[in-house]
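K.L.:
mind folding the following:
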Amino acid sequence: MRISAFFKRIYRYVRRELKLLRYLISKYIGFPRVMSIEESIERIHKNRLSISRFGDGELALMLGQDINFQIFDARLARKLENTIRSENPSLMVCIPDCFSAEGLNSLCDIDRIFWHNHLRNFSLQWLRRLNRKSVYGNTWLSRIYSMKWDKPKAYSIFLKLEKLWKDRDIILIEGAYSRLGVGNNCFASARSIRRILAPAKNSFERYDEILSTALSMGGKFCLFLPWGRQRQQWQLNLLMPAVKL
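P.N.:
Have a look, this model is predicted:
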């Protein structure tokens, strides 16, 4: 009970400050629009878009900081900066739906407090990198159960996600211990699955090797990857941002 009361006090305090910050930014600068998860998935499916997801970790890397599984790398930071500003019509850049009260209120309590605090500290850093006239995809489309408070709704969204790789050949480029889809039927609708296991930490040090291996597999396929570039492959980045060479 004490812990719950403590989090509530923090939440109320941060919420008051964030309301003022959001008011000032919306009045004098303006926030970008972020699509709902459902709208993002529908647009990806309809237009066969590649996607690149940005969150607090990717922002930290662009700001020159280390994160848990990747030390700062200037080359990676440049690629992230280029991608988040990309105007490629075949690429959907996804960002957190934290710039509106509706987006924040859809989160469970712990995540809502985290993103309140994040915005308090990093709103301007986001806005410097975003086009306020653009419409962005929703980064949280792959976090529909762990972060969202509306758990029953997650099942219907999972079904929509599965359509993205239905009857497709997919390659999963993942950390050595992630085992995406193992022990569940997440990719049961895919025609085939191949995996490239990258190091669990600091995979970018082997970026060129990982990319070369993926491209050498040939053919058209649905590619889930930490980093990549668009050729004939359809890239769905559900783990970390895809970036262009």
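
K.L.:
ranges for the strands of this protein?
P.N.:
33-34, 50-53, 91-95, 135-138, 169-175, 192-198, 222-224, 234-235 (DSSP state E).

K.L.:
quick one: which of the ones you listed is nearest R78?
P.N.:
Ranking the strands of the chain by proximity to R78 (C-beta to C-beta) places strand 50-53 first, at 14.5 Å. For every residue, glycine as well, the C-beta is placed using N, CA and C.

K.L.:
circling back to that earlier point, including mean neighbour count, distance to N105 and mean pLDDT, could the strands of the chain go into JSON lines?
P.N.:
Output for the strands of the chain, formatted as JSON lines (neighbours: other C-beta atoms under 10 Å; distance: least, C-beta to C-beta, whole Å; pLDDT from 0 to 100):
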{"stretch": "strand 33-34", "mean neighbour count": "18", "distance to N105": "14", "mean pLDDT": "94"}
{"stretch": "strand 50-53", "mean neighbour count": "24", "distance to N105": "21", "mean pLDDT": "90"}
{"stretch": "strand 91-95", "mean neighbour count": "24", "distance to N105": "18", "mean pLDDT": "94"}
{"stretch": "strand 135-138", "mean neighbour count": "21", "distance to N105": "15", "mean pLDDT": "96"}
{"stretch": "strand 169-175", "mean neighbour count": "20", "distance to N105": "32", "mean pLDDT": "85"}
{"stretch": "strand 192-198", "mean neighbour count": "16", "distance to N105": "36", "mean pLDDT": "88"}
{"stretch": "strand 222-224", "mean neighbour count": "24", "distance to N105": "30", "mean pLDDT": "67"}
{"stretch": "strand 234-235", "mean neighbour count": "21", "distance to N105": "31", "mean pLDDT": "54"}
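
K.L.:
in TSV, list those strands along with distance to K79.
P.N.:
Listed next are the strands of the chain as TSV, based on distance: least, C-beta to C-beta, whole Å:
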stretch	distance to K79
strand 33-34	22
strand 50-53	10
strand 91-95	13
strand 135-138	18
strand 169-175	15
strand 192-198	16
strand 222-224	17
strand 234-235	14
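
K.L.:
closest to the centroid, which residue in the chain?
P.N.:
In the chain, the centroid-proximal residue (C-alpha atoms, centre = their mean) is R53; its distance is 2.8 Å.

K.L.:
beta partners for that residue?
P.N.:
Using DSSP bridges, the beta-bridge partners of R53 come out as C94.

K.L.:
that one against Y136, yeah?
P.N.:
No: the pair R53 / Y136 is not scored as a contact, 10.4 Å apart, by C-beta atoms under 8 Å.

K.L.:
which neighbours do these two have in common?
P.N.:
C94 (C-beta atoms under 8 Å, 6 or more residues apart in numbering).

K.L.:
buried residues in stretch 139-157?
P.N.:
139-144, 147-148, 154, 157 (16 or more other C-beta atoms under 10 Å).

K.L.:
revised request: answer the last question for stretch 108-119.
P.N.:
In stretch 108-119, counting by 16+ other C-beta under 10 Å, buried: 111-113, 115-116, 118-119.

K.L.:
ranges for the helices of this protein?
P.N.:
With helices called from DSSP state H, the chain shows them at 2-28, 37-47, 56-62, 74-84, 101-105, 109-129, 151-162, 207-216.
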